[in-house]
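Q: the amino acid sequence is not available; the structure is as follows:
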């Protein structure tokens, strides 16, 4: 945990320890960390750091040395943490784009939905979108999806030259058309991919219409609005993780519930376990 | 009803007639309209038209001559209908931008939310956004909102030069800062304006944080994703209407429920009634 002097993050860590899931390494302001954990009976390794920047450097070095399995953000700005991650000499880049993938479970949908990018890439170009799709596929594979169905979302299910997201969706569909172990289709409006009835109304068919596993949003505004709608309007449970470095990175925000922070830790664990297996 | 030979639209019309709300004028293919209504005991004026384009012309002329109060789209392409509406000689422009406003009621939110533009304007510039806000305010006033609270939505609540929606939100806030009868603030992430708790977590205050009445989306992708999330994931009831012409225009799509088509007819009626009162 990078700059672990954050009571809310430590609450989630304590929950995960209680479930026997993790052995935490708390890096940061030692005095404040000890104050926060003293009433929690939390067994944790504590590594002092003079500031968040140093905490990030230490954490990244531990990943590199295989002394730790994945990162979690504490009281540090996201960009300061990611700067240490992507440092070309001391960092833990993997050659892939970094992107955020979220996983939702909600009362109105009979399956889990993955969605990306709801938290990180602002306005990806075609290469960026390809990287985002490949990262989401990698995560889905570690979750045991054999042939994930990927929908590229726009405001409409027809390509319209004035609607750039629909044009991008068509390009991405073409780019991935010969891939055998996942399906990419678009453009779709959101209802076309979550509701089979809505897809049928529109006369849409194929592997993805009405039954998508992974939703690809055209930009951060669109993805973030989906994320917040799911959580705050549709009572979704959510987990999220940054994909594309040598290990998963858990970034939770102050407005996330304790439950979603714990979900994110678990998602990072499962993904990390899957990554080791994929590479072996 | 323009090109009224559409069984689903006529179902909604029949519901509204049964409630005593409207006297329908069905314009279009007379033979098919008679076929559709014959088993419904629907009392309706029928005006034959040789094609949807002529149906649109007749309908617009009837609005102009005050022989009808508002328009509803049947089996006609939206752009063909709107072409008749905006014709500079024979049309019913009002000098305002045309935009779509939707109204949502959902189990997780303790008030009605208006949202715009979820269906029409693809990527509005600053003038377009100003027109969209003014149209939504006009509709809200006819619904008896005294000082509607308007949130300009982005992916974040801080202005970031790389996030154009946040920059636009700041401009719009400045543009409307001296207005007394409605409040415009932004940028906000969606959770900041629907959840008071989320607004407090982020330390946001003011008239709009946590309690917005009207949500302004940066573009069609974002608005459409909100609309579809509300309806398909959050079980929202919805009504929608095109605002900015001399009368409201009800555009419903095939994927809307019968209930939402009826809601939209009612919204158009109330708005139209309010418009007459505002202008008197």
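A: Now that the structure is in, tell me what you want to look at. Quantities reported herein were computed from a predicted structural model and do not represent experimental measurements. Residues are numbered from 1 along each chain as shown, chains lettered A, B, ... in the order given.

Q: quickly list what the nearest residue to residue A:112 once chain neighbours are set aside is bridged to.
A: The shortest distance from residue A:112 to any residue other than its chain neighbours is 5.4 Å, reached at residue A:105 (Cβ to Cβ, 6 or more residues apart in numbering or on different chains). C-beta here means a position set from N, CA and C on the backbone, and glycine is covered the same way. As for beta bridges, residue A:105 partners with residue A:237 under DSSP bridges.

Q: check contacts around residue A:105.
A: For residue A:105, the contact set (Cβ atoms under 8 Å, 6 or more residues apart in numbering or on different chains) comprises A:112, A:236, A:237, A:238.

Q: any idea how far residue B:166 is from it?
A: Distance of residue A:105 to residue B:166, computed by Cβ to Cβ, to the nearest Å: 30 Å.

Q: residue A:158 too?
A: Taken as Cβ to Cβ, the span from residue A:158 to residue B:166 is 30 Å.

Q: which one of those two has more residues nearby?
A: residue B:166 (25 against 11; other Cβ atoms under 10 Å in any protein chain shown).

Q: that one against residue B:172, yeah?
A: No - counting by Cβ atoms under 8 Å, residue B:166 does not reach residue B:172; the two are 10.9 Å apart.

Q: list the residues that contact both of those two?
A: Contacts common to residue B:166 and residue B:172, judged by Cβ under 8 Å, 6+ apart, are residue B:186.

Q: contacts for stretch A:31-45?
A: In this structure, residues lying in contact with stretch A:31-45 by Cβ under 8 Å, 6+ apart are A:4-7, A:10, A:13-14, A:17, A:23-26, A:46.

Q: switch the cut-off to 6 Å
A: Under the criterion Cβ atoms under 6 Å, 6 or more residues apart in numbering or on different chains, residues A:4, A:5, A:7, A:10, A:14, A:24, A:25, A:26, A:46 lie in contact with stretch A:31-45.

Q: how about the contacts made by the second one?
A: By that I understand residue A:5. Applying Cβ under 6 Å, 6+ apart, the residues contacting residue A:5 are A:28, A:29, A:32, A:33, A:75.

Q: what does chain A put close to chain B?
A: Neighbours of chain B within chain A, by Cβ under 6 Å from any Cβ of the partner chain: A:108, A:122, A:155, A:162-163, A:165, A:190-191, A:194-195, A:198, A:201, A:218, A:220-222, A:224-226, A:228-229, A:232-234, A:254-255.

Q: from these, which land in helices?
A: A:165, A:190-191, A:194, A:198, A:201, A:220-222, A:224-226, A:228 (DSSP state H).

Q: can you pull out the strands in chain A?
A: Here chain A has its strands, by DSSP state E, at A:25-28, A:45-48, A:71-72, A:99-105, A:113-116, A:149-153, A:183-188, A:214-216, A:237-243, A:249-250.

Q: which one of these lies nearest to residue B:95?
A: For the strands of chain A, the distance to residue B:95 is smallest for strand A:183-188, at 33.7 Å, taking Cβ to Cβ.

Q: the closest one: partners in the sheet, and parallel or antiparallel?
A: Going by DSSP bridges, the partners of strand A:183-188 are strand A:149-153 (parallel).

Q: need the contact partners of stretch A:174-184.
A: Stretch A:174-184 is contacted from outside by A:137, A:147, A:148, A:149, A:150, A:172, A:173, A:207, A:208, using Cβ under 6 Å, 6+ apart.

Q: and the residues you listed, which is closest to chain B?
A: residue A:172 (14.7 Å; Cβ to the nearest Cβ).

Q: quick one: residue A:194 and residue A:167, what's the gap?
A: 23 Å.

Q: neighbour count: the two, which is higher?
A: residue A:194 (25 against 15).

Q: spatially nearest residue to the more buried one (excluding sequence neighbours)?
A: Closest to residue A:194 by Cβ to Cβ, 6+ apart is residue B:232, at 5.4 Å.

Q: swap in residue A:185?
A: Leaving out its chain neighbours, the residue that sits closest to residue A:185 by Cβ to Cβ, 6+ apart is residue A:208, at 4.1 Å.

Q: quick check, that neighbour in contact with residue A:152.
A: No - judged on Cβ atoms under 6 Å, residue A:208 makes no contact with residue A:152 at a distance of 8.9 Å.
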